[in-house]
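Trainee: Okay, here's the prediction I keep looking at, along with the sequence it came from:
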Amino acid sequence: MTQSNPADQPAKPSLEVIPLGGMGEIGKNITAYRYGDEIMVVDGGLAFPKAHQMGVDLIVPRIDYLLEHADKIRGWILTHGHEDHIGGLPYILPRLPRVPVYGAALTLGLVREKLSEFGLKDGEIDLREVQMGDVVKLGTHFSAEFIRMTHSIPDNAGYILKTPVGQVLHTGDFKLDEHPSDGLTSDLARIEQAGKEGVLLLISDSTNAERPGRTASERDIAENLEEVIKNCRGRVFLTTFASQVHRIQNLLNIAHRQGRRVVMEGRSMLKYAQVAQATGHMQAPEPFLTSDDVGELQDQQLLFVCTGSQGQPMAVLGRLAFGNHAKIALRRGDTVILSSNPIPGNEDAVNLIINRLYELGVDVIYPPAYRVHASGHGSQEELATVLNLARPKYFLPWHGEPRHQINHAKLAQTLPRPPKRTLIAKNGDIVTLGQDEFRVSGTVPAGGVYVDGLGVGDVGDDVLLDRVNMSQEGILIMNAVLHPTPHVEVVTRGFVRPNRELDHQIRRVALESIEQGLREKKRLEDVRDDMYGAVRRFVRKATGRNPVLIPMIVD
């Protein structure tokens, strides 16, 4: 009888964890898990553009890997209804096979709203509602158990993923609020149980890994908001994230106790409120009003809840600050409360709004001078609690920029039972996981796809670079007509003030270059390139500037 050599046995497949977005950044979260010939996917978010990404409306994840292996996708799970986790789905799901998409009631309600905006009917996407504690099977290799985690939106879930190589615990976005508005705290008992069973890999929220202590409870913020609103004598305008369902519920209760009617202003604010009411996550003691319904109500009877917490110029607060709202004007005696912090990159826009509000003479209440906002993400003490309960063998800090991930990794090493190994991964890394294996084994294409107007992906970094250059240096267009007599027209925008002498010199340099090219019988393309080079050198020497030059020749 021939003994088999262990080396001849086929190697068991490893689990591959492939972040396609949300790793090393905050935004456009999407993660794929692959075992053998099966893939399951988690979330599909978007990100908002930075200041240098001019003209871009949204950024969605690049999904080349999923498109290439579309036949292997067995299912999708959604952790919660924030834009950075579901906002990209209308751009992603229609491009892939129809597979089950699992999520809680509020999450799916918001997804349906988004899909309907894109003309996608309910039946085109296979949405399946789950409760916390439910276990769903995705293919033959994956089963995911939804576990409740508190966050700044209801129906927020982490999950325990059972795979052939072991258990993966993913916290999702979370904070360990002991007094959430709905009374539903994080299921730490289930995390502890998973830790006793054995957690091979923990993937955990790193957003506040630099902050010591605990994140403030929504109960504390509600108490502070009520104290502020109680002392206001005129109208109150409050802005927060439209998805902050817990806080808006608290505001509805505060308004009712303080004898104020709530006026909802802003499309996204109304949309979230309507979906939250339909799914039972928001109860209004009195019906919402619109600005048309205010009627004879006195100023001290009104609380406006509006969009614009991030300084968006076309949101309600932005239009109020600059006097562009069609029906409402701010005046002395009004109070504006910003119950939010700026997302990184939005600081200048928010500060512009705040300064404008001060100029209007209204009272402005905002953090950190007033504790009217709390993050939805746990700080170091909460992160340590999850690590201690889960007791993972391996650790993957997630949902944060590199500084957040690295500080989370450092925190894990200070604990009594630190993970055996921690990786700092990037979008596109293939993290290979086995009982004795945890490493980055390769990469797949990842990054962002720009949504600009109706175009998706037709604007790239080269176009954005041109936009930045035009915004900084201006543009100079040279239109050369060769017949009957060569002459050049010069048009500039954002370059210098009208200057006849400079225009004359540019035309002269361009004509000299054209005439030389014609004498030498060069191709028109070469004549154009020579004109471009000659004018660029002259402009740089004469002005010290480098405008975007566009040369055109008409024969």
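Mentor: Looks like it arrived, so ask away. Residues are numbered from 1 along each chain as shown.
Trainee: hey, where'd the helices end up in the stretch 351-500 of the chain?
Mentor: Using DSSP state H, counting those that start in this stretch, the helices found in the stretch 351-500 of the chain span residues 380-390, 402-413, 461-473, 500-519.
Trainee: I should have written the stretch 101-250 of the chain there, sorry.
Mentor: 105-117, 188-197, 218-230, 245-257.
Trainee: With distance to G474 as added columns, please give these in CSV.
Mentor: Just so you know, the C-beta spots here come from the backbone N, C-alpha and C atoms, and that holds for glycine as well. CSV is the format used below for the helices of the stretch 101-250 of the chain (distance: least, CB to CB, whole Å):
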stretch, distance to G474
helix 105-117, 37
helix 188-197, 57
helix 218-230, 47
helix 245-257, 45
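Trainee: quick one: which of the ones you listed is nearest I39?
Mentor: Closest approach to I39 among the helices of the stretch 101-250 of the chain (CB to CB): helix 105-117, 20.1 Å.
Trainee: for that closest one, what is the average pLDDT?
Mentor: If you average the pLDDT over helix 105-117, you get 94.
Trainee: now do stretch 232-239
Mentor: The model assigns stretch 232-239 a mean pLDDT of 96.
Trainee: what's the span of that stretch, first residue to last?
Mentor: 16 Å (CA to CA, to the nearest Å).
Trainee: what do you get for stretch 544-555?
Mentor: 32 Å.
Trainee: Now do it: everything it contacts.
Mentor: 466, 469-470, 473-483, 492, 494-496, 514, 524, 527-529, 531-532, 535-536, 539-540 (CB atoms under 8 Å, 6 or more residues apart in numbering).
Trainee: show me the contacts for I160.
Mentor: For I160, counting by CB under 8 Å, 6+ apart, the contacting residues are A144, E145, I147, Q167, V168, L169, H170, R190, A194.
Trainee: Make TSV from these and add distance to I77 to it.
Mentor: Formatted as TSV, those follow (distance: CB to CB, whole Å):
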residue	distance to I77
A144	5
E145	10
I147	12
Q167	15
V168	12
L169	14
H170	10
R190	16
A194	17
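Trainee: Just flag the most distant two among those residues.
Mentor: Maximum distance among these (CB to CB): 14.2 Å, for V168 and R190.
Trainee: which of those two has more neighbours?
Mentor: A direct count of neighbours by other CB atoms under 10 Å for V168 and R190 places V168 higher, at 25 against 18.
Trainee: Now do the nearest residue to that one once chain neighbours are set aside: how many residues are near it, please.
Mentor: Among residues not flanking V168 along the chain, L161 sits closest, at 4.2 Å (CB to CB, 6 or more residues apart in numbering). By other CB under 10 Å, 23 other residues sit near L161.
Trainee: How many neighbouring residues does the nearest residue to N388 once chain neighbours are set aside have?
Mentor: Nearest non-adjacent residue to N388, counting by CB to CB, 6+ apart: L415, 6.0 Å away. L415 has 13 neighbouring residues, counting by other CB under 10 Å.
Trainee: Same check on T290?
Mentor: 11.
Trainee: what does E218 give?
Mentor: For E218, using other CB under 10 Å, the count is 23.
Trainee: Highest mean neighbour count out of the helices of the stretch 351-500 of the chain?
Mentor: Mean neighbour count (mean count of other CB atoms under 10 Å) peaks for helix 380-390 among the helices of the stretch 351-500 of the chain, with a mean of 20.
Trainee: And it, what does it pack against?
Mentor: Here helix 380-390 touches helix 188-197, strand 201-205, helix 402-413, going by 3 or more CB pairs under 8 Å, 6 or more residues apart in numbering; DSSP states H and E.
Trainee: give me the low-pLDDT residue ranges for the stretch 401-550 of the chain?
Mentor: 452-455, 457-464, 466-468, 470 (pLDDT under 70).
Trainee: what about 80?
Mentor: 450-473, 483-485, 491-500 (pLDDT under 80).
Trainee: And the stretch 1-150 of the chain, by the same measure?
Mentor: Looking at the stretch 1-150 of the chain by pLDDT under 80, you get 1-13, 48-57, 121-123.
Trainee: how about a cut-off of 70?
Mentor: 1-11, 50-56.
Trainee: Do you have the strands of it handy? List them.
Mentor: All strands of the stretch 1-150 of the chain, identified by DSSP state E, counting those that start in this stretch, fall at 15-21, 30-35, 38-42, 58-61, 73-77, 101-103, 127-129, 135-138, 142-148.
Trainee: helices or strands up against the fifth one?
Mentor: To tie it back to what came earlier, the one meant is strand 73-77. Checking 3+ CB pairs under 8 Å, 6+ apart, strand 73-77 ends up next to strand 38-42, strand 101-103, strand 135-138, strand 142-148.
Trainee: relative to strand 38-42, how tilted is it?
Mentor: 20 degrees (axes from the mean of the first three to the mean of the last three CA atoms, to 10 degrees).
Trainee: Would you mind writing the CA trace of strand 73-77 as PDB?
Mentor: This file holds the C-alpha atoms of strand 73-77, laid out as PDB (Å, rounded to 0.1, in the frame of the first residue of the first chain):
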ATOM      1  CA  ILE A  73     -20.900  36.600  -6.300                       C
ATOM      2  CA  ARG A  74     -23.400  34.800  -4.000                       C
ATOM      3  CA  GLY A  75     -24.900  37.600  -2.000                       C
ATOM      4  CA  TRP A  76     -24.600  41.000  -0.400                       C
ATOM      5  CA  ILE A  77     -25.000  42.200   3.200                       C
END
